[in-house]
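S.K.: Next come a sequence and a model predicted from it.
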Amino acid sequence: MPPLIQLRDVTVRREQTIILDRLSTTIPKSRHTAVLGPNGSGKSSLLKLLTRDFYPSVETDGHQGEVKILGRSDWEVSDLRRSMGIVTPALDSEFSHGRTGRMTVSEAVASGFTATRLKEFGPNITGEVADAVDQAIKTVGMTSLASKPVGRLSTGERRRTMIARAIVHRPPIFVLDEPTGGLDMTAKAKFLEIIDSLANQSAITMVLVTHHLDEVPPPMNHVVLLDRGRIDFDGNKQDGLSGDRISRLFNIPVSVSRGNDGWYEARIKG
Ligand SMILES: Nc1ncnc2c1ncn2[C@@H]1O[C@H](COP(=O)(O)OP(=O)(O)OP(=O)(O)O)[C@@H](O)[C@H]1O
């Protein structure tokens, strides 16, 4: 079986700026991976390569890196997005207003099957689709709000709806970009609990972008650290999240500890 995700020597350039610099990494099935790094290090750009919002740039010597998903690099964008679960700030924002925001929670979740954003382009919510929608909504604790328009949910409720939409069709890959942005303490705790329980399942492989060490769920064992568009570290979480390494990466003295529950914590020293 080919790796789920394979990046080989990929550079992304925008207006003379190199955003990602000859990145190579491989994510096999079940290797939940956290991508960490300071602001502007290229984390979101890396996810955009996976979702085909960005493509590898052709370099001056004609070289072009390669992004393979599920062993293929020749995906139609719509097919590719249907085979992934995606939660990004842009998607979250789209579901917060306008016609997309008028979809009910059930309709929004069902739209994960078609990777669409309007009710009329979504699937019929009957039979197996309806069962899967109910199950996904239950997983994120939104059953009592299933008929409410997503645009009228709180940020935390909407974010949980986005998770349900991402997993409803049981995709092999689930990518999340800064999923706790804007959540209060309670909503964040609830959200991380859901992510943690999904990371305990091996059928879905998660790629999580974050700047917060305390948001990396215990079952997520692999980290990629990015520094100014380059991979600084790609390996085991325990080795990657050392105080020295994180201090160097974020350019500030930090002590990192791991609690008995497996969650990490970072504190600025001094
Ligand atoms: N479409 C674009 N055009 C030009 N520059 C871009 C574009 N997208 C990203 N960049 C630049 O690429 C760099 C990396 O951005 P990216 O958003 O991937 O970083 P990040 O690590 O996700 O940052 P943050 O933690 O702040 O979200 C930044 O310097 C950013 O300004």
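M.R.: Cool, the structure landed. Numbers count the residues shown, from 1 in each chain.
S.K.: burial count for residue 73?
M.R.: Neighbourhood size, residue 73 [other Cβ atoms under 10 Å]: 11. The C-beta positions use only the backbone N, C-alpha and C, and glycine is treated the same way.
S.K.: Would you confirm that it contacts residue 67?
M.R.: Yes. With contacts counted by Cβ atoms under 8 Å, residue 73 reaches residue 67, the gap being 6.2 Å.
S.K.: hmm, stretch 170-177 touching the ligand?
M.R.: No. Stretch 170-177 stays clear of the ligand (Cβ under 6 Å from any ligand atom), getting no nearer than 7.5 Å.
S.K.: in that stretch, what's buried?
M.R.: Of the residues in stretch 170-177, those scored as buried under the neighbour-count criterion (16 or more other Cβ atoms under 10 Å) are 171-177.
S.K.: now, which of those sits nearest residue 216?
M.R.: The shortest gap between residue 216 and any of those belongs to residue 176, at 11.5 Å (Cβ to Cβ).
S.K.: And that closest one, how far from residue 236?
M.R.: Residue 176 sits 21 Å away from residue 236, going by Cβ to Cβ, to the nearest Å.
S.K.: now swap in residue 68 and tell me
M.R.: Looking at residue 68 against residue 236, where the rule is Cβ to Cβ, the gap reads 23 Å.
S.K.: again with residue 26
M.R.: Here the distance between residue 26 and residue 236 works out to 14 Å (Cβ to Cβ).
S.K.: Settle it for me: which of those two has more neighbours?
M.R.: Residue environment comparison for residue 26 versus residue 236 gives the larger neighbour count to residue 26, 14 against 11, counting by other Cβ under 10 Å.
S.K.: thinking the more buried one is in contact with residue 5, fair?
M.R.: Yes. Distance between residue 26 and residue 5: 7.0 Å, which falls inside the contact criterion (Cβ under 8 Å).
S.K.: Now for residue 260, how many residues are close by?
M.R.: 5.
S.K.: So it: helix, strand or coil?
M.R.: Under the three-state scheme (DSSP: H, G, I helix; E, B strand; the rest coil), the conformation of residue 260 reads as coil.
S.K.: ditto for residue 23
M.R.: Secondary structure, three-state DSSP: residue 23 is strand.
S.K.: Burial check on it, number of neighbours?
M.R.: When counting by other Cβ under 10 Å, one arrives at 24 neighbours for residue 23.
S.K.: now the closest residue to it other than its chain neighbours: how far from residue 48?
M.R.: For residue 23, ignoring the flanking residues on the chain, the nearest one in space by Cβ to Cβ, 6 or more residues apart in numbering is residue 10 at 4.9 Å. Look at residue 10 and residue 48: by Cβ to Cβ, they are 11 Å apart.
S.K.: likewise residue 255?
M.R.: When Cβ to Cβ is the yardstick, residue 255 and residue 48 sit 33 Å from each other.
S.K.: ditto for residue 218
M.R.: Distance of residue 218 to residue 48, given as Cβ to Cβ: 27 Å.
S.K.: For the residue in the stretch 51-200 of the chain that the ligand sits nearest to, list the residues it contacts.
M.R.: Going by Cβ to the nearest ligand atom, the ligand is nearest to residue 178 of the stretch 51-200 of the chain, at 6.5 Å. Taking Cβ atoms under 8 Å, 6 or more residues apart in numbering as the definition of contact, the neighbours of residue 178 are 44, 89, 209-211.
S.K.: Now a ChimeraX select for only the buried ones of these.
M.R.: To isolate the buried members of the contacts of residue 178 in ChimeraX, using 16+ other Cβ under 10 Å:
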select :44,209,210
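S.K.: now the contacts of residue 178 in a markdown table, with secondary structure?
M.R.: Compiled in a markdown table, the contacts of residue 178 are given as follows (three-state DSSP):
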| residue | secondary structure |
| --- | --- |
| 44 | helix |
| 89 | helix |
| 209 | strand |
| 210 | strand |
| 211 | coil |
